[in-house]
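K.L.:
prediction below, plus the sequence it came from.
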Amino acid sequence: MMNDFLKRKDVELSARRYGIDAMSAMAQGLYASLLIGTIIDTLGTQLGIQILCDAGSFAKSVAGPAMAASIGYALHAPQLVLFSLIAVGAAANSLGGAGGPLAVYVIAIIACECGKLVSKETKVDILVTPAVTILVGVLLSAVFAPYIGKAASSVGTLIMWATELQPFFMGIIVSVLVGIALTLPISSAAICAALGLTGLAGGAAVAGCCAQMIGFAVMSWKENGIGGLVSQGLGTSMLQMPNIIKNPRTWIPPIVASAITGPLATCVFRMANNGPAVASGMGTCGLVGQIGVYTGWINDIAAGTKSAVTVMDWTGMILICFVLPAVISWAVCEMERKAGWISDGDLKL
């Protein structure tokens, strides 16, 4: 009987619904608020156009509500539940501190499902549904969001500390894992934002994401041409997931590239992302990763911890984010083609 009720309410307790659908939607919310806001704000700052700075600030300020509403949309929330999640997202993101996105992710899912359970079950639905959704979300935010934020912040701090302590091996680990997360149907941006991943660890994450996007874009040129170059290089390497499932060996070249560029970023060029943590998981998607690194340079100069943006900085970014991923992935892919591991058409979108 309970199963029938949950089915009627479209409450599906599954890893796919919460781990893939909700997180992917959360990334969309991040893109439409914090990420695009960061891009617009950076452009406004560099061009001296105040209206762009204002627009970017407004967009960034609604990241919590945007993420919560996106999660609700992915969970098929009724209208009253969906609209009520705006308040829940604002509370969870604000009270979650550095781990705000993770708090929004967890709490918005619970509040949404609770709202769905009571939706249209009473004659005063217009009062009950938003009240339940908001009260559940805000109460959970008040009780748990600060702890979620501290936990996420601690994990992110631990990763950043480990990367500073052992930049070579942690550079490889962070670069490879975050790069893989970017190509999987989950959100590397949401993960980096939730963990507050910045500094050298953020730079390694940027390197790993670039290796996947630029790597797949270049190595699949034969099959996909300019359209594939743009859609993967500036869009997402997630487009290759169906091909990876068919032939997992197609994933080897960009993973090898990320394992090489990660430690080069941390040990040789000291490429850090001291901009928004979410940019660490974006790679070349809309050039957000590079904007994040550049924003970090400007922030460091303003804080007095960096004197100027140097030729070495620009050289490192260009090599780590574009040149090396393209060359390494192409070279490894060609070796696999000659060995018969990758055939013509295996990378066709």
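P.N.:
Thanks, I have it. What you see is a predicted model; the values in this text were computed from it and never measured. Numbers count the residues shown, from 1 in each chain.
K.L.:
could you list the buried residues of stretch 117-128?
P.N.:
Buried residues in stretch 117-128, counted by 16 or more other CB atoms under 10 Å: Val118, Ser119, Val128. Glycine gets a C-beta too; all of them are placed from N, C-alpha and C.
K.L.:
excluding its backbone neighbours, what's nearest the first one?
P.N.:
It refers to Val118. Closest residue to Val118 apart from its sequence neighbours, by CB to CB, 6 or more residues apart in numbering: Val132 at 5.0 Å.
K.L.:
quick one: that neighbour and Ala142, what's the gap?
P.N.:
Using CB to CB, to the nearest Å, Val132 is found at 16 Å from Ala142.
K.L.:
which one of these two has more residues nearby?
P.N.:
Between Val132 and Ala142, counted using other CB atoms under 10 Å, Val132 has the larger neighbour count: 20 against 12.
K.L.:
ok now the host helix or strand of the more buried one, how far from the chain's centre?
P.N.:
Using DSSP states H and E, Val132 falls within helix 125-165. Here helix 125-165 shows a centroid-to-chain-centroid distance of 17 Å under the convention CA atoms, centre = their mean, to the nearest Å.
K.L.:
from the contact counts, what lies against that helix?
P.N.:
helix 79-95, helix 100-118, helix 167-183, helix 188-195, helix 199-219 (3 or more CB pairs under 8 Å, 6 or more residues apart in numbering; DSSP states H and E).
K.L.:
show me what the fourth one is packed against.
P.N.:
Okay, so that is helix 188-195. In terms of contacts (3+ CB pairs under 8 Å, 6+ apart), helix 188-195 is packed against helix 22-30, helix 100-118, helix 125-165, helix 167-183, helix 199-219.
K.L.:
off-centre distance for that helix?
P.N.:
The answer for helix 188-195 is 5 Å, by CA atoms, centre = their mean.
K.L.:
tell me the angle it makes with helix 22-30.
P.N.:
80 degrees (axes from the mean of the first three to the mean of the last three CA atoms, to 10 degrees).
K.L.:
what are the contacting residues of helix 188-195?
P.N.:
Outside of helix 188-195, the residues within contact range by CB atoms under 8 Å, 6 or more residues apart in numbering are 23, 26-27, 30-31, 34-35, 99, 101-102, 105, 152-153, 155-156, 159, 178-179, 181-182, 197, 202, 205, 209, 276-283.
K.L.:
one more time with 7 Å
P.N.:
23, 26-27, 30, 99, 101-102, 105, 152, 155-156, 159, 178, 181-182, 205, 209, 277-278, 280-282 (CB atoms under 7 Å, 6 or more residues apart in numbering).
K.L.:
next, the buried residues of it.
P.N.:
Ser188, Ala189, Ala190, Ile191, Cys192, Ala193, Ala194, Leu195.
K.L.:
and what of stretch 152-168?
P.N.:
Ala152, Ser153, Val155, Gly156, Thr157, Ile159, Met160, Ala162, Thr163, Pro167.
K.L.:
low-confidence stretches in the protein?
P.N.:
98, 185-187 (pLDDT under 70).
K.L.:
sec struct for the residue of it positioned farthest from its centre, please.
P.N.:
Residue farthest from the centre of the chain, counting by CA atoms, centre = their mean, is Lys123 at 40.9 Å. What DSSP: H, G, I helix; E, B strand; the rest coil gives for Lys123 is coil.
K.L.:
OK, contacts around it?
P.N.:
No contacts exist for Lys123 under CB under 7 Å, 6+ apart.
K.L.:
nearest residue to the middle of this protein?
P.N.:
Short answer for the chain (CA atoms, centre = their mean): Ala189, at 0.9 Å.
K.L.:
what about the closest residue to it other than its chain neighbours, distance to Gln46?
P.N.:
Setting aside the residues directly before and after it, Ala189 is nearest to Gly281 in space (CB to CB, 6+ apart), at 3.9 Å. The gap separating Gly281 from Gln46 is 23 Å, by CB to CB.
K.L.:
who's more crowded, these two?
P.N.:
The neighbour count for Gly281 versus Gln46, taken as other CB under 10 Å, is higher for Gly281 (32 against 13).
K.L.:
circling back to that earlier point, isn't the residue nearest to Ala189 right up against Cys209?
P.N.:
Yes - Gly281 is in contact with Cys209 according to CB atoms under 7 Å; the separation is 6.2 Å.
K.L.:
what touches both of the two?
P.N.:
Val178, Leu182, Ser188.
K.L.:
adding distance to Glu336, write the residues you listed out as a markdown table.
P.N.:
Shown next, in a markdown table, are those (distance: CB to CB, whole Å):
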| residue | distance to Glu336 |
| --- | --- |
| Val178 | 23 |
| Leu182 | 21 |
| Ser188 | 24 |
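K.L.:
which of these lies closest to Leu234?
P.N.:
Of all the shared contacts of Gly281 and Cys209, Leu182 has the smallest distance to Leu234: 13.4 Å, by CB to CB.
K.L.:
could you count how many residues lie near the closest one?
P.N.:
Leu182, neighbours per other CB under 10 Å, totals 30.
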